[in-house]
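Undergrad: Just to be clear, the model below is a prediction. Sequence and coordinates:
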Amino acid sequence: MSIFWIGAVEGVGFKNKGVLVSWPGIPTAVSLYLVCYTAHPVFPTIYNSMKKKNHFPKILFISFALSSMIYGVMAIFGYLMYGEEVQSQITLNLPTHKVSAIIAISTTIVSALTKYALILSPIMEAINTRLMKANYKRRSIRMLTGTGLVLGTILVALVVPLFGYVMSLIGALLTSFTSIVFPCAIYLKISNGYRRCMEFESVVLVVIIVMGLVLMVTGTYSAIVGIIVHL
């Protein structure tokens, strides 16, 4: 709502034009888009905390559908408002002296902070489990691992340049494998789909796997080239 208000009322407008489709940038764009779907590590934490666990598939579908819609709308707003000048995050383009822009930026920051602990939770639990086997005190372990993870991620965020290209590299190299290729391959394996390769479902899964691999290769190449060029 804040972004729409800036475009419609604050004078930015929705009249900027540029190249509608830049084919060389497709791998980078799709890789960045994939980063938005890296929530898989927190699925067990969310599932185990639910009172009615049978609702998890429905909630998962609704969450991904709403997220996809919001991402798409924001991409359209960014193109119409700033054209080819839009940056990797539209908040970097916003006029910071406007109240609506401050609200949009603050909401983005608060959103990151609220899910920060949830994202780090599986990593922290895995580390804690290993350390507890060495008979360390539980409370001290949680304090040290939690503080260390927070400080480490903050340090990476401050030191690593070219955030957009780095996120694109992560999306292409890791997310495309963990979110597209790996789940489909595992499903084929456990369902014996590899023995029924002529069935429609198996064919679709194989096509998705191939597309994921192509995206992983092209996206990784584009991201690395972008990082090298801008260093």
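TA: Structure's in. What do you need?

Undergrad: Show me where this protein dips below the pLDDT cut-off.
TA: Filtered on pLDDT under 70, the chain yields the residue ranges 132-139, 164, 193-198.

Undergrad: all helices for it, in order.
TA: 2-8, 26-35, 43-49, 56-82, 99-132, 138-159, 163-170, 176, 182-190, 200-230 (DSSP state H).

Undergrad: okay, these, which one's buried deepest?
TA: helix 176 (a mean of 26; mean count of other CB atoms under 10 Å). (Glycine included, C-beta is placed from N, CA and C.)

Undergrad: which outside residues touch it?
TA: Here helix 176 makes contact (CB atoms under 8 Å, 6 or more residues apart in numbering) with S31, L34, G212, L213, L215, M216, G219.

Undergrad: quick one: the closest residue to the third one other than its chain neighbours from V30, how far?
TA: Spatial nearest neighbour of G212, chain neighbours left out: I180 (3.5 Å); criterion: CB to CB, 6 or more residues apart in numbering. Relative to V30, I180 is positioned 11 Å away (criterion: CB to CB, to the nearest Å).

Undergrad: Grab the nearest non-local neighbour of G25.
TA: Closest to G25 by CB to CB, 6+ apart is S222, at 7.8 Å.

Undergrad: follow-up on the earlier one: contact partners for the residue nearest to G212?
TA: With contact set as CB under 8 Å, 6+ apart, I180 has these partners: L34, I208, I209, M211, G212, L215.

Undergrad: Would you mind checking which of those is nearest to G152?
TA: Nearest to G152 among these, counting by CB to CB, is L34 at 23.5 Å.
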